[in-house]
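Visitor: Predicted coordinates and the sequence they were generated for:
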Amino acid sequence: MLKRLFLLIAVTGAAGQAFAEIPPEGVAAPANGETGVRESGGVGEGVEQYQGADASYTPWVLSDGKEAEARGDRLETRQEVAQEVRTLKLQNVVPPIRFESGEAAISEEYIAQLREVLEGMKDRANVRLHFVGHSDNVALSGALQAQYGDNLGLSRERAGTTAEFFQRALDLPPESISYEGRGEAEPIAGNDTEAGRAQNRRVEVEVWYDEISDVLVEREVLVAEDFNRIKVCRVETVCKLRYKEGHARRARVRNLIAPLRYDAQSTAIPAAFLQQLQQALHNLRDKQNVVLKFIGHSDNLPLAGREARIYGSPLGLSRARARRVALAVQDALALPSGAVDSDGKGDARPVAANDTEQGRMLNRRIEVEFWYDDPLQELPDEPQLCPDAAAAETVTRVYDPPSGPIAPIYFNSPNPVIPPGYSQRLGRLMAELDGKANVRLRFIGTISNERLDRRTAAVYGDDIGLSTARARRVMEAIREALPLSDEQVEYEGRGYVQSEDVVNAGFVEADESRVTVQIVYDELALLDDAEGLDITRINREVQTQNPYALNLMRITVDGQPIDDPGKSVPDVQRCTDVALERAAIRFRFDNLDFKPRLNVSAWPTTVRYRDDINTAALENRVRFRLYSNYPAFIERAEVRLFEEAQSTRDEPLAVAAVDRDGFAEWDAAFDRYRAPGRELKYLLRVYDAEGRFDETRAQPLWVVDAIDVEALQSA
């Protein structure tokens, strides 16, 4: 034990003496041979540390001197000349057009006068005519009442007839003509005498035009920068969001009241609709600057007759309908002109299928939006994530068959009573929707408004359970007659709730339990949440968030943020990984292991046994091309040719020297042809300065009797 301990101490002492004799790096050893001593470093100096945020550094990139700056588009505030538009409305430019009682006709004497007025306004911008129809207070009867309804409809017809006539007579575009009817509301004379009533039966012509002036305004201008490098996940697109004029700090409330349905003949506003508007305005009485905005929608039927000549498209018709409703509501509720607004969307946003009259009736509607000032509706100054374009949401439509509604199925005790041919009709109706997506049968069970007995409640639980079980029973009975998959059927139970719209229609009671059968399908509906926003897209270089700053919670998916445009370093790394995976690019580690490459190619690989003196082409010549990734080590190279059965270690049949450019040639010169052909082989041999060589494997070369000269020359 003592011997082992002595040996360990001796070895340790020798090792310590050996290490002590080694001078520190950069320190000269003492001249007298004394042992040098290295000072130990401070605590933590031997630990890997991150460089401080305020320390200077040099990026290891190919830089043009601007990489330290944030690259990308930028917004600059500049003064620009903008146009300010103000609409002027000229009244009584021409005398009103008079009508006989109950008639809607136009005299030719007004055309020349109105044409002269328009000729004198050629220097004005956006000149247009607006016709306003008026009537007396004599109630319509007989054929006139059946055709026009009331004096408001008659005045509107008079204005429409006038607008259509002057549009043709003056050759005006549809957008320069508009009209409305005001009935007997604005008389200019008393209706007690025939002369006064004749004065009230009129169409007034208003000439509108725009006065445009130039003003100097400050605007943010996007200055784009072109990126000349591919930066994976290092460039992002963000958006500067601003409110459009009239939408700043405004909140919008939709679907507060049911839309107003209209048809081609309807002109009056229902009293119930006005009452709902009044109630909604009363509920919003504490809001500032409340504005009613009426949005017109139409079906997709092509316009015909006067509507086609005046409006031109469903979009123009929907805008006109919304405008008339806005004016009527303004008059009925005594609202200021700034409290109403209108717009039209045409047939772009249907709520039902346009295949049936009921669906088209649902699409012909006026929706109401309530706008008011909201101090919380502010947009940040910093660019945000770009809102998606008008996206599409999948909605379910209920098919209304042209052949008539689908009758519900009633129950006789516990069993459903399905009429003969009922299942076959459902199959035919589903076939009518062949071009629709996800066509299926929906079974909705409802029960009568009676209290469940104790036994039924113990089995089904409540009214929802009982109605669901009955809907499923009917579904299974229909599936026995029709070959339907699980994706083509669905069922639900609604218990005592018999109404489709409980909010507006309330609870509807029924004496009998039933299962309603519907044919439904899916359709895309446009969603535009960015309405009222002015969006400027900016491309900029990604600036990662400071990890030492305030730690805010962010949600990202594959490196793409959901709400906050800020990104961290792991987000960029994840985005890069996903982009490379989708790009199918493989990165491999190169450990500088050099693999020499040597190859030779020949063309053509089939030649004639000797040159034919009767042709201009050299049918017996072969050209060789060398390839290598170590040409600096090659002193000389040659192509060696052998017979097919000959060893490559024998004397070659021929040798073709390779020039400095890597090319070589060999001409076959055999005395006679040997059928069926002669097979040779060739290889490339390269030498270094010391005579050592590398060579390739042998490749075949054919010698034949004849060569297609045309193919050889065209190749």
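Guide: Structure's in. What do you need? Since the model is a prediction, treat every value here as computed from it, not as a measurement.
Visitor: For the stretch 451-600 of the chain, give me the ranges with low pLDDT.
Guide: Flagging of the stretch 451-600 of the chain using pLDDT under 70 yields the residue ranges 460, 497-511, 525-531, 551, 585-587, 589-591.
Visitor: Going along the chain, name the helices of the stretch 601-715 of the chain.
Guide: Here the stretch 601-715 of the chain has its helices, by DSSP state H, counting those that start in this stretch, at 709-714.
Visitor: Could you pull out the strands in it for me?
Guide: 606-608, 621-628, 636-643, 654-658, 663-667, 678-687, 693-695, 699-704 (DSSP state E, counting those that start in this stretch).
Visitor: residues making contact with the longest one?
Guide: Right, the one you point to is strand 678-687. 598-600, 602, 609, 624, 626, 628, 634-644, 646, 648, 653, 658, 670, 693-704 (Cβ atoms under 8 Å, 6 or more residues apart in numbering). Where you see a C-beta, it was placed from the backbone N, CA and C, and this is true even at glycine.
Visitor: cool, and the second one?
Guide: Contacts to strand 621-628, defined as Cβ under 8 Å, 6+ apart, come from residues 596-605, 607, 611, 634, 637, 639, 656, 658, 662-668, 682, 684, 686, 701.
Visitor: For that strand, what is the distance to the chain centroid?
Guide: Here the centre of strand 621-628 is set off from its chain's centre by 55 Å, with Cα atoms, centre = their mean, to the nearest Å.
Visitor: Would you mark the buried spots in that strand?
Guide: Arg621, Val622, Phe624, Arg625, Leu626, Ser628 (16 or more other Cβ atoms under 10 Å).
Visitor: how about those residues in CSV, adding pLDDT?
Guide: Shown next, in CSV, are the buried residues of strand 621-628 (pLDDT from 0 to 100):
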residue, pLDDT
Arg621, 91
Val622, 93
Phe624, 95
Arg625, 95
Leu626, 94
Ser628, 92
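Visitor: Could you point out the helix or strand that follows the lowest-mean-pLDDT helix or strand in the chain?
Guide: Lowest by mean pLDDT, DSSP states H and E among the helices and strands of the chain is helix 2-20, with a mean of 38. Beyond helix 2-20 on the C-terminal side, the first helix or strand identified by DSSP states H and E is strand 74-90.
Visitor: So which elements touch the top strand by length along the chain?
Guide: Counting by DSSP state E, the longest strand found in the chain is strand 202-223. Contacts defined by 3 or more Cβ pairs under 8 Å, 6 or more residues apart in numbering; DSSP states H and E place strand 202-223 against strand 74-90, strand 97-98, helix 109-119, strand 125-134, helix 151-170, strand 533-541.
Visitor: Now tabulate the buried residues of strand 621-628 in JSON lines and tack on distance to Gln276.
Guide: Compiled in JSON lines, the buried residues of strand 621-628 are given as follows (distance: Cβ to Cβ, whole Å):
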{"residue": "Arg621", "distance to Gln276": "96"}
{"residue": "Val622", "distance to Gln276": "95"}
{"residue": "Phe624", "distance to Gln276": "93"}
{"residue": "Arg625", "distance to Gln276": "87"}
{"residue": "Leu626", "distance to Gln276": "90"}
{"residue": "Ser628", "distance to Gln276": "88"}
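Visitor: Relative to Gly566, which of those is nearest.
Guide: Checking the buried residues of strand 621-628 against Gly566 by Cβ to Cβ gives Ser628 as the nearest, at 52.6 Å.
Visitor: State the distance from the closest one to Asp400.
Guide: For Ser628, the distance to Asp400 equals 78 Å [Cβ to Cβ, to the nearest Å].
Visitor: same check, this time on Val132
Guide: According to Cβ to Cβ, Val132 and Asp400 sit 39 Å apart.
Visitor: Could you do Gln145 as well?
Guide: Per Cβ to Cβ, Gln145 is found 32 Å from Asp400.
Visitor: More neighbours: those two, which one.
Guide: Legend: neighbour count by other Cβ atoms under 10 Å for Gln145 and Asp400, higher for Asp400 (20 against 13).
Visitor: Check whether the more buried one really touches Gln358, as I assumed.
Guide: Yes - shown here, Asp400 and Gln358 form a contact pair, counting by Cβ atoms under 8 Å, at 4.5 Å.
Visitor: Overlap in contacts, those two.
Guide: By Cβ under 8 Å, 6+ apart, the residues touching both Asp400 and Gln358 are Ala352.
Visitor: now the helices: where do they sit in the stretch 251-400 of the chain?
Guide: Using DSSP H, counting those that start in this stretch, helices in the stretch 251-400 of the chain cover 271-283, 305-310, 314-333, 357-363.
Visitor: got the CA positions of the first one in PDB?
Guide: This means helix 271-283. Included here for helix 271-283 are C-alpha records, laid out as PDB according to Å, rounded to 0.1, in the frame of the first residue of the first chain:
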ATOM      1  CA  ALA A 271     -95.100  50.600 -41.100                       C
ATOM      2  CA  ALA A 272     -93.600  47.700 -39.100                       C
ATOM      3  CA  PHE A 273     -90.300  48.400 -40.800                       C
ATOM      4  CA  LEU A 274     -90.400  52.000 -39.800                       C
ATOM      5  CA  GLN A 275     -91.300  51.100 -36.300                       C
ATOM      6  CA  GLN A 276     -88.300  48.800 -36.000                       C
ATOM      7  CA  LEU A 277     -86.000  51.500 -37.300                       C
ATOM      8  CA  GLN A 278     -87.400  53.900 -34.700                       C
ATOM      9  CA  GLN A 279     -86.900  51.400 -32.000                       C
ATOM     10  CA  ALA A 280     -83.300  50.800 -33.100                       C
ATOM     11  CA  LEU A 281     -82.600  54.500 -33.200                       C
ATOM     12  CA  HIS A 282     -84.000  54.800 -29.700                       C
ATOM     13  CA  ASN A 283     -81.700  52.100 -28.400                       C
END
